[in-house]
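Chemist: sharing a model that was predicted from the sequence below.
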Amino acid sequence: MKVAFFSESGQNKKYPRNFPNSRTEVGWCLALDAPMCALNVLPDEHFDLGIVIVPKANPNVNLDFIRNRCDKVAVMQEGPHWYFQDYDIEKQFNFYNTLMDADWVYCHNTSDVKYYKGLGCKDVRVMRSLMIPEGLQRRSEWSGVTIIGGNFVNWYGGFDSYMVAREIGDPIVAPSMGRKQDNEDAIPDIQYLPYLFWREWIDNLSQYNIGVHLMRTHAAGTFAMNCGFHGIPCIGYYGLDTQEFIHPLTSVNIGDLEKAKEIAVRLRDDIDFYDKCSKTSIKYFKSFYTEKAWKENWNNQFKSNNYNR
């Protein structure tokens, strides 16, 4: 089956396997040998399936235009399922109509399926996140540093992660994301990383001991997945597939900082528990999020849905 992805960053070409910024959507393209195409310039080839990643800033996408080159057109969730409700009224209804016009909808998490079906989408499927660590090495050493997964805004829940990370008592590191606040660097006990391309990020992540990412905004869940690749126990919330599947021993209910702190202290003090969490995360990363596992899940979806060209 020939597949193409369509996004605002698409250039109607395929990515190389060693692409330096191989985020999840690039991983999908690599796994399916699919190009990332532009939303407003049709590719020369014809495809069995086009998967449209609707831009967050401009949700007005014409699926009929994409159908000129694709037999079936699906829409891929971008961001949390509620994101479109921050649009103005006209764009909210335009986005809803786009969902209804799609042959089916892909979402990030099992917890998202009932939401989209409740909106009226008849066919909703989970497209798992994917990491293709071509040429990257898993960590081989443990350090005494904790990394939190996001900045101090509601989107990332950085303050909550910080409060739990402090319980461990080790130095704390945080990434610099697009929503980082201007005065975050003034927090005395956090060292902020510069912006890193994906491959640099995965290499840098390998040195940390524990990850904490209490992010209520559930989407692709790449932080928990990346931690799992390295065997880094990650404390995070249920409802995010990468967290639940890879880190079942360190997942908590949304808002349960008390339980999260208990887990943090146990990871610090109980080496057997730490080792179990580390080995579990590697095991389930391999079970669910390698390229081989992802492609098996993809193929099984089409068998179960009786897809015909």
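Modeler: Now that the structure is in, tell me what you want to look at.

Chemist: and the helices in the protein?
Modeler: In the chain, helices defined by DSSP state H lie at 24-32, 63-67, 89-101, 110-119, 158-168, 198-205, 222-230, 241-246, 257-269, 271-288, 291-304, listed in chain order.

Chemist: CSV for those helices, including distance to I51?
Modeler: Backbone N, C-alpha and C define where each C-beta goes, glycine included. Below are these laid out as CSV (distance: least, CB to CB, whole Å):
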stretch, distance to I51
helix 24-32, 8
helix 63-67, 9
helix 89-101, 13
helix 110-119, 15
helix 158-168, 31
helix 198-205, 20
helix 222-230, 18
helix 241-246, 18
helix 257-269, 35
helix 271-288, 20
helix 291-304, 11
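
Chemist: can you check which of those helices gets nearest to F6?
Modeler: Comparing these against F6 with CB to CB, the closest turns out to be helix 63-67 (5.9 Å).

Chemist: hmm, who's touching the closest one?
Modeler: Here helix 63-67 makes contact (CB atoms under 8 Å, 6 or more residues apart in numbering) with F6, L39, N40, L42, G50, V52, V73, V75, T98, D101, A102.

Chemist: just these now: which is nearest R216?
Modeler: Closest to R216, out of all of the contacts of helix 63-67 and judged by CB to CB, is V75, at 23.5 Å.

Chemist: any idea how far N300 is from the closest one?
Modeler: 21 Å (CB to CB, to the nearest Å).

Chemist: so those two - more neighbours on which side?
Modeler: Taking other CB atoms under 10 Å, V75 and N300 do not tie; V75 has more neighbours (26 against 10).

Chemist: list the contacts of the closest residue to the more buried one other than its chain neighbours.
Modeler: Once flanking residues are discounted, V75 sits nearest to A102: 4.2 Å by CB to CB, 6 or more residues apart in numbering. By CB under 8 Å, 6+ apart, the contact set of A102 is V52, L63, V73, A74, V75, C121.

Chemist: among the residues you listed, which are in strands?
Modeler: V52, V73, A74, V75 (DSSP state E).

Chemist: between those, which is closest to G178?
Modeler: Minimum separation from G178 among the ones in strands among the contacts of A102 (CB to CB) is found for V52, which lies at 22.5 Å.
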